[in-house]
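A.B. asks: Sequence first, then the predicted structure, then my questions.
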2 protein chains.
Amino acid sequence: MKSSLTKKAATALSPRKQPRQERSSKVVDRILDAALILTREQGTKTPTTLAIAQRAGLSVGSVYQYFPNKEAILLDLARRWLGAFPEVIAKRIAAPRPTNRDEFQQEVDKLFVDTSRLYLDNATLMPVIEAITGNPDLRPIQNEYDDQIIALYAGWLQHVNPALDDGIASRLGVVMMEVGHVCRLVGLKRDRKAFDLIQDDVKTMWLALVDPYLDLN
Amino acid sequence: MKSSLTKKAATALSPRKQPRQERSSKVVDRILDAALILTREQGTKTPTTLAIAQRAGLSVGSVYQYFPNKEAILLDLARRWLGAFPEVIAKRIAAPRPTNRDEFQQEVDKLFVDTSRLYLDNATLMPVIEAITGNPDLRPIQNEYDDQIIALYAGWLQHVNPALDDGIASRLGVVMMEVGHVCRLVGLKRDRKAFDLIQDDVKTMWLALVDPYLDLN
DNA sequence: AAAAAATGCGACTAATTATTCGCGTTTGTC
DNA sequence: GACAAACGCGAATAATTAGTCGCATTTTTT
């Protein structure tokens, strides 16, 4: 059922046509750039196809040469973020298992630093993510990625403590993701100093959250 | 500038006409009920005026007798929640100041329990809140309430520790609100047992978050 | 350089949906 | 019971916007 949604979305949202000449590749870039800028300007309101075309110095028709619909444009931008996130957690799971309390705290810190950096590096994409969150058509696709990320957080927790119950790991994964996400978004809307302070708060909360389930006896 | 937004919104969103006969009061209730049910059914997608009217067994024209526009309907529902939240925190601020670590933890617990209960009591309204969050027209109004709630959380922190710096109190207020809100929403989408577990996580995180700023020396 | 393929265009279509307005009906008042 | 006010109605209006299609232009191929 989940895969059917994916497939349907993939069919409906994949590019209509691959660019074959160099000029058209640049057109695709111009469209994506315009959509990104407009989404940032307009907050959560997703830009119209006409607005995107005009901002890119194109006509609507050209936009539809390479994107089957409006959603596909935003999704193309969003996937840069949605695709990168899982990799970061997966890399942390590949690290050696911590054996004592100190190493454990270091592992939390590494996961924390890596995910935090990801938000900083992709700060310009965040308005797109927020727009997608508020868009009824695109929300389901983001939910799929979210489920994946939750599973990875849970996997990381069980990597750190293999005895951890599945249900608990999953719940903590949800909380880690939600808390991390919302705090990072709030932080990015402020200046760098405020961001850093809020990040410290996230680390404090994460550590307190997972500490009771550490159980390194 | 903020007040001008409020006033403009108030003018544009206040009821067009007060119901003068009993039947019309019931009509208003039917409209609000229909809007609530539809919002819950459709997730974040705000229902259309026609859908609301039909669900309420009315015509579109009747809806516009009492609501100036579609947004006003949702806002009417949302204010039940947005108005109740500040009261709960304000009541906690009115309580006597804790004098030792134990009393402090009890105060955190009371604030936590009271806000948590508010979410449980208003669980049916949450889809409306989520819809408003994702609606570009209504988001600014919610932001005003959010600012108010953040200020109240900050006020509560300074009530507990009067020496706490304004900036720190404000930042912690933001984090408390965001973390509390997102975790409660996630919890409500699961069963009661899962909600309770996530609530414990919130308390753990809140305590860890504010503990360093306690400083009861 | 001629033919073919790819690209670009923008007026047009189609669908959705918020809001209005004049008219018929119900309710309250005298 | 007659009159006015309130109420309820839903077809019509208006605005927005996603997506199409045939034609013009540019690039590539032969």
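C.D. replies: Yes, it's here. Predicted model only: the values in this text are computed from it and were never measured.

A.B. asks: burial measure for the residue in chain A that DNA strand C sits nearest to, as a count.
C.D. replies: Proximity of chain A to DNA strand C (CB to the nearest atom of the strand) peaks at A:Gly61, 1.8 Å away. For the C-beta atoms, the positions are set from N, CA and C on the backbone; glycine is no exception. The number of residues packed near A:Gly61 is 8, by other CB atoms under 10 Å in any protein chain shown.

A.B. asks: Name the helix or strand for it, please.
C.D. replies: Using DSSP states H and E, A:Gly61 maps to helix A:60-66.

A.B. asks: ok, back up a step: contacts only, for the residue of chain A closest to DNA strand C.
C.D. replies: By CB atoms under 8 Å, 6 or more residues apart in numbering or on different chains, no residues touch A:Gly61.

A.B. asks: Look up how far A:Tyr145 lies from it.
C.D. replies: To A:Tyr145, A:Gly61 is 31 Å away according to CB to CB, to the nearest Å.

A.B. asks: ok so, going back, and the helix holding A:Gly61, does that touch DNA strand D?
C.D. replies: Yes. Using CB under 7 Å from any atom of the strand, helix A:60-66 comes into contact with DNA strand D via A:60-61, A:64.

A.B. asks: Could you identify the helix or strand that succeeds that helix?
C.D. replies: Counting by DSSP H and E, the next helix or strand C-terminal to helix A:60-66 is helix A:70-93.

A.B. asks: what does that following helix contact?
C.D. replies: Outside helix A:70-93, the residues within contact range by CB under 8 Å, 6+ apart are A:12-15, A:31-32, A:35-36, A:39, A:46, A:48-49, A:52, A:63, A:67, A:107, A:110-111, A:114-115, A:118, A:122, A:125, A:128-129, A:131-132, A:135, A:137-138, A:141-142, A:145, A:148-149, A:152-153, A:155-156, A:159.

A.B. asks: close to DNA strand D, is that helix?
C.D. replies: Yes. Judged by CB under 7 Å from any atom of the strand, helix A:70-93 comes into contact with DNA strand D through A:70-71.

A.B. asks: With stretch A:19-27 instead?
C.D. replies: Yes. For stretch A:19-27, a contact with DNA strand D is found by CB under 7 Å from any atom of the strand, at A:21-23.

A.B. asks: Contact residues of chain A facing DNA strand C?
C.D. replies: Contact residues (CB under 7 Å from any atom of the strand) of chain A with DNA strand C: A:17, A:19-21, A:23-24, A:27, A:57-62, A:64-65.

A.B. asks: Weed out the non-buried ones from those residues.
C.D. replies: Neighbour-count burial (16 or more other CB atoms under 10 Å in any protein chain shown) is assigned, among those, to A:27, A:58, A:62, A:64-65.

A.B. asks: Output those as a markdown table; include the columns pLDDT.
C.D. replies: Shown next, in a markdown table, are these (pLDDT from 0 to 100):
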| residue | pLDDT |
| --- | --- |
| A:Val27 | 93 |
| A:Leu58 | 96 |
| A:Ser62 | 95 |
| A:Tyr64 | 96 |
| A:Gln65 | 94 |
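
A.B. asks: Now for the residues you listed: which two are most distant?
C.D. replies: Based on CB to CB, the longest span within those runs between A:Val27 and A:Tyr64 and measures 11.6 Å.

A.B. asks: Would you mind measuring from the most centrally placed residue in chain A to B:Asn69?
C.D. replies: By CA atoms, centre = their mean, the mean C-alpha position of chain A lies nearest to A:Leu82, the distance being 3.8 Å. A:Leu82 sits 35 Å away from B:Asn69, going by CB to CB.
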